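K.L.:
I would like to see how this sequence folds:
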Amino acid sequence: MDFAAIECAMAGGAYADYVGRAISLGSARDVWERGFGKVAAAAAALVSEASALGVTVASNAELEDMQRLFACCSVVTVVAHWRGPELEAADIRVDPVSLIVRLERDDSQTGALIRKGLPPDWKTAVSRAVGGTALTSALAEVLDRRMRREPCLIAAPTGLYWDMDEATLRHANRSALDAWWPDAFVPGNQLELADGLHAPKEIAACVPTAWSGVADLSNCQSAQLIEAIKQARGDRIVIANERQTNPLRRMALLRVTYELLANGRHNYAEARIALSEAMTSTTP
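P.N.:
Okay, here's the model as predicted:
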């Protein structure tokens, strides 16, 4: 929301994962001036205009705020960062040699499925890296490529097979890898709020059993949270997207959505979907 938050995040504070992905841009001032300042301005405008129109707004929301909003609102819009399935060197917490050994020898079902999707020469390729840092980077690269490939690390029921799109396969594989050795990896597939990263099951727990309404997930790859919130309920609508999203475009869309609702001529789902389609369509 402001420059001070960027400085805090770069020091490991709130939103460290979101801002940390831009650390290659340089200092906090560089990050701010090369894009994040515009995002903050758009967020401030959205908060101001939405509040003026009667929307209940929770800036710098934490998990407790999510629980409160689902308890009192029939429409909940989430603007946040999603830590996806990508696996980077910084996500590996253990010594890379011990991880290589376990990948080679683990006789669990997940271990066998991981190896099945690795190239035959994976260990030789990784071992060419010299030094702990280089070895960790090489191992992360090999595992990240594995997350994109079949077979899925979650075994299908006997007699059946999984038919997943690329994004779902990658998320499913990363979740299974994290569960295979929890201490070895910084988990992927989490929503970042002001109080840190949260797994889908934590977000699902924010939704009361009796809740029926619309959840608009304005975060990258938010389709991975659909089932966590919808829970096979026909009276719950979840608006989401499969890929990365531009925060400036997304917040502009929300501002127009709230303006339409203020006129009283539209319901949220209709207005939101129509605007999204209009913004993504091309003119002949």
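K.L.:
who's the residue most central in space within the chain bridged to?
P.N.:
Among the residues of the chain, the one closest to the centroid is residue 82, at 2.2 Å (CA atoms, centre = their mean). Residue 82 has these beta-bridge partners by DSSP bridges: residue 191.
K.L.:
for it, give me its contacts.
P.N.:
Residue 82 makes contact with 190, 191, 192, 219, 220, 221, 222, 224, 225, according to CB atoms under 8 Å, 6 or more residues apart in numbering. (Glycine included, C-beta is placed from N, CA and C.)
K.L.:
what's the distance between residue 61 and residue 226?
P.N.:
20 Å (CB to CB, to the nearest Å).
K.L.:
just flag the most distant two among the contacts of residue 82.
P.N.:
192 and 224 (13.7 Å; CB to CB).
K.L.:
who's more crowded, these two?
P.N.:
Per other CB atoms under 10 Å, whichever of residue 192 and residue 224 has more neighbours is residue 224, with 26 against 20.
K.L.:
list the contacts of the residue lying closest to that one once chain neighbours are set aside.
P.N.:
Excluding the flanking residues, the one nearest residue 224 by CB to CB, 6 or more residues apart in numbering is residue 171, at 5.0 Å. By CB under 8 Å, 6+ apart, residue 171 lies in contact with 84, 85, 188, 189, 221, 224.
K.L.:
and residue 171, what are its phi and psi?
P.N.:
phi -70, psi -40 (degrees, to the nearest 10).
K.L.:
next one, pLDDT for it please.
P.N.:
Looking at residue 171, its pLDDT reads 92.
K.L.:
distance of it from residue 241?
P.N.:
14 Å.
K.L.:
give me the common contacts of the two.
P.N.:
In contact with both residue 171 and residue 241: residue 221, using CB under 8 Å, 6+ apart.
K.L.:
pLDDT value on residue 283, please?
P.N.:
Residue 283 is given a pLDDT of 47.
K.L.:
so where do the helices sit in the stretch 1-150 of the chain?
P.N.:
All helices of the stretch 1-150 of the chain, identified by DSSP state H, counting those that start in this stretch, fall at 3-10, 16-20, 28-31, 37-52, 63-72, 96-105, 109-116, 122-127, 132-147.
K.L.:
nearest to residue 162, out of these?
P.N.:
Nearest of these (CB to CB): helix 109-116, 11.6 Å.
K.L.:
now that closest one: average pLDDT?
P.N.:
Mean predicted confidence for helix 109-116 is 96.
K.L.:
which strands or helices does that helix pack on?
P.N.:
Counting contacts by 3 or more CB pairs under 8 Å, 6 or more residues apart in numbering; DSSP states H and E, helix 109-116 is packed against helix 96-105, helix 166-180.
K.L.:
centre of the chain to that helix, how far?
P.N.:
25 Å (CA atoms, centre = their mean, to the nearest Å).
K.L.:
report the angle between the axes of it and helix 166-180?
P.N.:
130 degrees (axes from the mean of the first three to the mean of the last three CA atoms, to 10 degrees).
K.L.:
got the buried residues for helix 109-116?
P.N.:
110, 111, 113, 114 (16 or more other CB atoms under 10 Å).
K.L.:
give me the residues contacting it.
P.N.:
Against helix 109-116 from outside (CB under 8 Å, 6+ apart): 102-106, 146, 151-153, 155, 176-177, 179-180.
K.L.:
out of these, which are buried?
P.N.:
Buried residues within the contacts of helix 109-116, counting neighbours by 16+ other CB under 10 Å: 102, 103, 146, 151, 152, 153, 176, 177, 180.
K.L.:
who touches the third one in this structure?
P.N.:
Applying CB under 8 Å, 6+ apart, one finds that residue 146 lies in contact with 114, 117, 118, 173.
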